[in-house]
Structures are given as structure tokens and as C-alpha cells.
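J.: sequence and predicted structure, then a few things I'm wondering about:
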Amino acid sequence: MKLLRKLLRNQGVHPETVVTNKLASYRLPAREFGLADRHRPGGMRANNRAENAYLAIRRRERKMQKFKSQVQAQRLLFTHAAVYNVFSL
């Protein structure tokens, strides 16, 4: 609710449609802010930019789960990304 309230306040204009993923937690805020008729719960294809923007970050987070500290994981992944870019064809 905080996110949606902040977005609506900062934009100044109510959107024609609000596309979210299929989480049930988005229905109540949309109803409370009067956007229930404009709310379109879609999948990854409906809101492609927002849904897929964080996939690279999530991939890196999965690799970091085996490390004991964030610093070590970031150091390894930083080097790994540079090497991967060189050898990836």
C-alpha cells in the first residue's frame, strides 16, 4: 500500500491501467485507492519491463547464498562477471 500510495502521489495523474504480477496482496490496495477497475494482474509478459528488470540481480543473489559474507560474494561475482563477458560468445 505504501508503494502504490507513493507512486500515485508522485505521478499526479491516475494511470489508465495498473499492471502487477499475480500476487493477491495487490488486490486490496487497488480496491482501496479506487483502481480496482483498472487493475490488470498479469504475468511476466504483461509487465515485461518491470517483471524482468530484476532477473539478473536475482541470479546473482542465488549464487551468493553459499557464501559466508556479502563482501566475499560480491568480490567473486564481480570478477566472475568480467571473465564471463570475455569468454561468452
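T.: It's in.

J.: against R58, how distant is G12?
T.: Remark: distance between G12 and R58 (Cβ to Cβ, to the nearest Å) = 32 Å. Placement of C-beta: from N, CA and C, glycine included.

J.: quick one: mean pLDDT over the host helix or strand of V71.
T.: V71 is part of helix 70-87, with elements assigned from DSSP states H and E. Mean pLDDT, computed over helix 70-87, is 84.

J.: what sits against the residue lying closest to A36 once chain neighbours are set aside?
T.: Counting by Cβ to Cβ, 6 or more residues apart in numbering, A30 is the residue found nearest to A36 once chain neighbours are left out, at 5.2 Å. In this structure, A30 makes contact with L4, V18, T20, A36, R38, H39, judged by Cβ atoms under 8 Å, 6 or more residues apart in numbering.

J.: redo these as CSV? Include distance to F78.
T.: Converted to CSV, the contacts of A30 look like this (distance: Cβ to Cβ, whole Å):
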residue, distance to F78
L4, 35
V18, 36
T20, 33
A36, 44
R38, 42
H39, 39
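
J.: buried among the residues you listed? Make that a PyMOL selection.
T.: A single PyMOL command selects the buried members of the contacts of A30 (16 or more other Cβ atoms under 10 Å):
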select buried, resi 4+18+20+39
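
J.: inside helices: which ones of the contacts of A30?
T.: Among the contacts of A30, the ones falling in helices (DSSP state H) are L4.

J.: quick revisit: elements contacting the helix holding V71?
T.: Packing contacts for helix 70-87, counted by 3 or more Cβ pairs under 8 Å, 6 or more residues apart in numbering; DSSP states H and E, involve helix 55-64.

J.: could you give the mean pLDDT of the helix it packs on?
T.: So the average pLDDT for helix 55-64 ends up being 70.

J.: again, but for stretch 19-27
T.: 78.

J.: now could you export just the CA positions of that stretch as CSV?
T.: The C-alpha coordinates for stretch 19-27 follow below in CSV (Å, rounded to 0.1, in the frame of the first residue of the first chain):
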residue,chain,number,x,y,z
VAL,A,19,-0.3,-3.9,-14.3
THR,A,20,1.1,-6.1,-11.5
ASN,A,21,2.1,-9.7,-11.1
LYS,A,22,-0.4,-12.2,-9.8
LEU,A,23,0.1,-11.7,-6.1
ALA,A,24,-3.1,-11.5,-4.2
SER,A,25,-1.7,-8.7,-2.0
TYR,A,26,-2.1,-6.2,-4.8
ARG,A,27,-5.9,-6.5,-4.9
